[in-house]
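Student: fold the following for me, if possible:
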Amino acid sequence: MPNRLNIPRILRFARNAALFVGLSLFVGGVVWHGRAELGDRSVQGGDDAAQGVDALVLFR
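Tutor: Predicted coordinates:
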């Protein structure tokens, strides 16, 4: 039966897909956090901006 399920290939694909999704979420979170920090600084400025960023970190 030539069309057997190729388990190692499926597992390799699943691992690569999971790594890709995890890395994408990590990079997206870093970028989103950086943009939020810049936005807070430009709108408020000073210590208020740092507190806003700390609140964002706590809620995620």
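Student: average model confidence for the helix or strand where Arg9 lies?
Tutor: Element membership for Arg9 (DSSP states H and E) is helix 7-43. The average pLDDT within helix 7-43 is 86.
Student: what helices or strands is that helix leaning on?
Tutor: helix 47-59 (3 or more Cβ pairs under 8 Å, 6 or more residues apart in numbering; DSSP states H and E). Glycine gets a C-beta too; all of them are placed from N, C-alpha and C.
Student: show the average pLDDT along the helix it packs on.
Tutor: Computed over helix 47-59, the average pLDDT equals 54.
Student: I'd like the numbering to begin with 811 instead of 1 from here.
Tutor: Happy to do that; since the first residue is 811 now, the last one works out to helix 857-869.
Student: tell me the secondary structure at Leu815.
Tutor: At Leu815, secondary structure determined by DSSP: H, G, I helix; E, B strand; the rest coil is coil.
Student: give me phi/psi at it?
Tutor: Dihedral pair for Leu815: phi -70, psi 130, per degrees, to the nearest 10.
Student: cool, Asn816 as well?
Tutor: Dihedral angles (degrees, to the nearest 10) for Asn816: phi -90, psi 90.
Student: tell me how far it lies from Trp842.
Tutor: As judged by Cβ to Cβ, to the nearest Å, Asn816 and Trp842 stand 37 Å apart.
Student: ok, Ala827 next?
Tutor: Distance of Ala827 to Trp842, computed by Cβ to Cβ: 22 Å.
Student: just Arg825 next, same as before
Tutor: Distance from Arg825 to Trp842, by Cβ to Cβ: 26 Å.
Student: repeat for Phe823
Tutor: In terms of Cβ to Cβ, Phe823 sits 28 Å off from Trp842.
Student: repeat for Gly832
Tutor: From Gly832 across to Trp842, the span is 15 Å (Cβ to Cβ).
Student: repeat for Asn813
Tutor: Distance from Asn813 to Trp842, by Cβ to Cβ: 44 Å.
Student: neighbour count: the two, which is higher?
Tutor: Trp842 (12 against 5; other Cβ atoms under 10 Å).
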